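1. 3D model of this:
(chains A and B)
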Number of protein chains: 2
Amino acid sequence: MTSDYTFTLDYYKDFYRRQLLEDTVPFWFPRSIDEEHGGYLLMRDADGSLLDDDKAVWIQGRAAWLLATLYNTVEQRPEWLEGARKGVDFLRQHCFDTDGRMFFHVTREGKPIRKRRYFFSETFAVIAFAAYAKASGDEEVAGEARRLFGQCIEYATTPGILPAKYTDTRPAKGIGIPMIMLNTAQQLRDTIGDPHCDEWITRWIAEIERDFVKDDIRCVMEQVAPDGSIIDHFDGRTLNPGHAIEGAWFILHEAKHRHNDPHLIGLGCRMLDYMWERGWDKTHGGILYFRDVYGKPVQEYWHDMKFWWPQNETIIATLLAYTLTGEQKYADWHKQVHDYAYSHFHDKEHGEWFGYLHRDGRQSSSIKGNLFKGPFHLPRQEWYCWQLLQNQI
Amino acid sequence: MTSDYTFTLDYYKDFYRRQLLEDTVPFWFPRSIDEEHGGYLLMRDADGSLLDDDKAVWIQGRAAWLLATLYNTVEQRPEWLEGARKGVDFLRQHCFDTDGRMFFHVTREGKPIRKRRYFFSETFAVIAFAAYAKASGDEEVAGEARRLFGQCIEYATTPGILPAKYTDTRPAKGIGIPMIMLNTAQQLRDTIGDPHCDEWITRWIAEIERDFVKDDIRCVMEQVAPDGSIIDHFDGRTLNPGHAIEGAWFILHEAKHRHNDPHLIGLGCRMLDYMWERGWDKTHGGILYFRDVYGKPVQEYWHDMKFWWPQNETIIATLLAYTLTGEQKYADWHKQVHDYAYSHFHDKEHGEWFGYLHRDGRQSSSIKGNLFKGPFHLPRQEWYCWQLLQNQI
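-> Purely as a prediction, here's the structure:
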């Protein structure tokens, strides 16, 4: 790290702490705690007014994770612990089906609306339970986190165990599974520990490197055939740069944990480099949502919109890459994406960020929370960057 | 109809015929006929180059319907009949699962990729089979159309017969089912006939009027509770103006068929009026994709984009409303949406229309065909409007 940059890093450290604690977290809490039914009421408009009292199970878990993590790492505020408990209890009481799998979308009271074929509800419950178990010392919840993580491993490694969306005609696998499992294992290790985490993390990183990272074309694929080959159809060609960059920083985080492992630093930085080149919008700024690996048109309608979370993941990845390598380009990219994001997404009137902008930066929707957006990517980014610059990570 | 408008209607009549036969149809055919495997190769970029050789089952049926309908109503060109046969054979040979239901997405060779919970593949196969049976005189295909229509009626009227996407916690029904069944029955009646069509058409129109049309708030709902009440959550509040306007013209078409039935003219015109008010973009022109019934933000990301097909449906509905009522406002609306659509969507270089524009009319994608777009809404609109003005409908 170049020493004349210290002043700038101090600025960022204070900025992220202040945004997190004085802007983002106060937008959501305490008003989103559902005192009547437990869990959180998070589907909110720009000014915080409630648009829908349904509960998205992913986001319930993520919000409980956030509150418990703040309690574990920032300050032992009783309302954060109590808030986390409200979410953990709601998840345990209402969000599991009789087959042990979790729902995706429930009513305010916790009645199921929709169950999906994926197990992301489960992975977010694992990190919520683990962080809460650390905060509270509740051994039963810690056991539940470990048990559920084992169930996720079974889902991730047993072909055919979950209902399939597609037939077997053209088998494919997504980078999402190894990525989420890698990060879930990291969270588990950082909170309550699990003897198998390191081994699993190594395996999932190896799978990403072997099957999804294509050095010859400087690309990280979102979906590939089981042998890692590119599937030359719409879905197989579709790249998700913000998602791949999130994967990059999970690997850089692991590199740091493993005493600056040079191989992992190299892998994470290559992934970031490739997907910055493909995802950064040189015309308007910001990370685009989807790109085609061969530059062809993308089928998804919102391909050229700017969503909030790819910017959050890129802010983390560039800062982490800079602190690990000292390369000036990462400091420059961090400033670029930071400046773009906080000037375009941040709601200076009511706090927090808008979620959805058009390519040119105009706002598409005033929504702050819905089935897919809640208190996660933004506060996680502000928390992670602050903690990183404070040498707590 | 005011007589001084005759000249303008003659202009439109010639315009739609010319666009259909000299621009739209030649973009797709003959090049899209798959001589090797049957069916059609329709996933094309602006210049006609193939982006993906997969086959969308909806669109295979729709393209076969188009070719057979051109043969039945425009001119008995052998290549149209032969082209329709290629699609009908592909559907019959490759697109049915062993349980009698149809797939949604297959490979070029006809191997299944994905089956969905809906039966729209089946309804489009019914209209393809029926139009082809009329063109060819093939009684076996006519029988297949009737049998499959009976199966669709069973799917539409038997709760729980198809796998559910949602739980029973908050039951809902969409306007899509009565709409598609109404139009499928109309097509069957117009080609090979079926003694039950009129009765079913009457029932589905009654369901739309009773449960989806809300005169008190001047709105046509896209989704309601089984008793027709509004579900005050994101999905229940989401309106699809172009879709409701398509429903309006199906009903106006029925009004015309029933010797200008005044009740049906009134119903169709109210639906058009309500959804023009809610869907027409007064700032940039064109019909918006989604609106919230109470003006709240919509959850779907592409809510404020302009898609091709809502414009096609509105061009038909406004022209039909004008020819049935003579009201000047419908002539004005027809001109507005016609001028907007042909100036923004039409590809003057390569023919056909682009599918996806941003709200302000800038192009979002150069795609002409994909899993959802093919030779249907645009050529149907040009064919219908031409035939209507030629007094053939």
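2. buried residues, stretch A:89-101. List them.
-> Residues A:90-92, A:94-96, A:101 are the ones in stretch A:89-101 that count as buried (16 or more other Cβ atoms under 10 Å in any protein chain shown). Using the backbone N, CA and C atoms, a C-beta is placed for each residue, glycine as well.
3. what does it rub up against?
-> A:34, A:37-40, A:55, A:57, A:60-61, A:64, A:102-103, A:106, A:109-112, A:115, A:119, A:121-122, A:125, A:128-129, A:144, A:151, A:162 (Cβ atoms under 8 Å, 6 or more residues apart in numbering or on different chains).
4. which of those fall in helices?
-> A:57, A:60-61, A:64, A:121-122, A:125, A:128-129, A:144, A:151 (DSSP state H).
5. who wins on neighbours among those residues?
-> A:F129 (33 neighbours; other Cβ atoms under 10 Å in any protein chain shown).
6. kindly state the pLDDT recorded for the residue lying closest to that one once chain neighbours are set aside?
-> Spatial nearest neighbour of A:F129, chain neighbours left out: A:A145 (3.7 Å); criterion: Cβ to Cβ, 6 or more residues apart in numbering or on different chains. On pLDDT, A:A145 comes in at 97.
7. my read is that A:A145 contacts A:A133, right?
-> Yes - with contacts counted by Cβ atoms under 8 Å, A:A145 reaches A:A133, the gap being 5.9 Å.
8. mind listing the shared neighbours of those two?
-> A:I192.
9. so for these two, which residue has more residues nearby?
-> Set A:A145 next to A:A133 and count neighbours by other Cβ under 10 Å: A:A145 wins out with 27 against 23.
10. for that one, which residues are in contact?
-> A:A145 neighbours (Cβ under 8 Å, 6+ apart): A:126, A:129-130, A:133, A:188, A:192.
11. tabulate the residues you listed (JSON lines), appending pLDDT.
-> Below are the contacts of A:A145 laid out as JSON lines (pLDDT from 0 to 100):
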{"residue": "A:V126", "pLDDT": "98"}
{"residue": "A:F129", "pLDDT": "98"}
{"residue": "A:A130", "pLDDT": "98"}
{"residue": "A:A133", "pLDDT": "98"}
{"residue": "A:L188", "pLDDT": "97"}
{"residue": "A:I192", "pLDDT": "97"}
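12. what segments of the stretch 1-150 of chain A are strands?
-> A:43-44, A:50-52, A:55-56, A:105-106, A:112-114 (DSSP state E, counting those that start in this stretch).
13. so which of these is the most packed in?
-> strand A:55-56 (a mean of 30; mean count of other Cβ atoms under 10 Å in any protein chain shown).
14. avg pLDDT for it?
-> Regarding strand A:55-56, the rounded mean pLDDT is 98.
15. starting at the chain centroid, how far to that strand?
-> Strand A:55-56 sits 17 Å away from the centroid of its parent chain (Cα atoms, centre = their mean, to the nearest Å).
16. and the contacts of it?
-> A:39-43, A:90, A:104-108, A:110, A:370-372, A:374.
17. filter the residues you listed down to the buried ones.
-> The buried subset of these - by 16+ other Cβ under 10 Å - is A:39-43, A:90, A:104-107, A:110, A:370-372, A:374.
18. out of these, which comes closest to B:E349?
-> A:F372 (37.7 Å; Cβ to Cβ).
19. ok, now which ones touch A:G355?
-> Per Cβ under 8 Å, 6+ apart, neighbours of A:G355: A:307-308, A:345, A:365, A:367-368, A:370, A:373.
20. please redo it, this time with the cut-off set to 10 Å
-> Counting by Cβ atoms under 10 Å, 6 or more residues apart in numbering or on different chains, A:G355 touches A:305-309, A:345, A:363-370, A:372-374, A:377-378, B:297, B:301.
21. A:Q387: how many residues sit nearby?
-> Residues near A:Q387, counting by other Cβ under 10 Å: 18.
22. tell me the pLDDT of the residue lying closest to it once chain neighbours are set aside.
-> Nearest residue to A:Q387 in three dimensions, chain neighbours excluded: A:I393, at 4.8 Å (Cβ to Cβ, 6+ apart). Per-residue pLDDT puts A:I393 at 84.
23. and A:D194, how far from B:R117?
-> 38 Å (Cβ to Cβ, to the nearest Å).
24. ugh, wrong one, I meant A:D211
-> 31 Å.
25. the two: which is more packed in?
-> Between A:D211 and B:R117, A:D211 has the larger neighbour count (other Cβ under 10 Å), namely 18 against 10.
26. need the phi and psi values for the more buried one.
-> phi -100, psi -20 (degrees, to the nearest 10).
27. cool, the one 3 residues further on as well?
-> Note on A:K214: its backbone torsions stand at phi -110, psi 90 [degrees, to the nearest 10].
28. how much space between it and chain B?
-> According to Cβ to the nearest Cβ, to the nearest Å, A:K214 stands 20 Å off from chain B.
29. that residue against A:I208, yeah?
-> No - the pair A:K214 / A:I208 is not scored as a contact, 11.5 Å apart, by Cβ atoms under 10 Å.
30. mutual contacts of these two, please.
-> A:220-221.
31. okay, the two: which has more neighbours?
-> Taking neighbours as other Cβ under 10 Å, A:K214 and A:I208 compare with A:I208 leading, 24 against 16.
32. identify the residues contacting the more buried one.
-> Per Cβ under 10 Å, 6+ apart, neighbours of A:I208: A:175, A:177-179, A:182, A:220-221, A:244, A:247-248, A:250-251, A:267, A:271.
33. which stretches of chain A have low pLDDT?
-> Along chain A, the model assigns pLDDT under 70 to residues A:1-3.
34. helices along that one, start to end?
-> With DSSP H as the criterion, chain A has helices at A:6-19, A:25-28, A:57-73, A:78-94, A:120-136, A:139-157, A:176-191, A:197-207, A:234-237, A:241-257, A:262-279, A:308-325, A:328-344, A:377-389.
35. for these, which one sits closest to B:K13?
-> That would be, of these and by Cβ to Cβ, helix A:234-237, which comes in at 37.7 Å.
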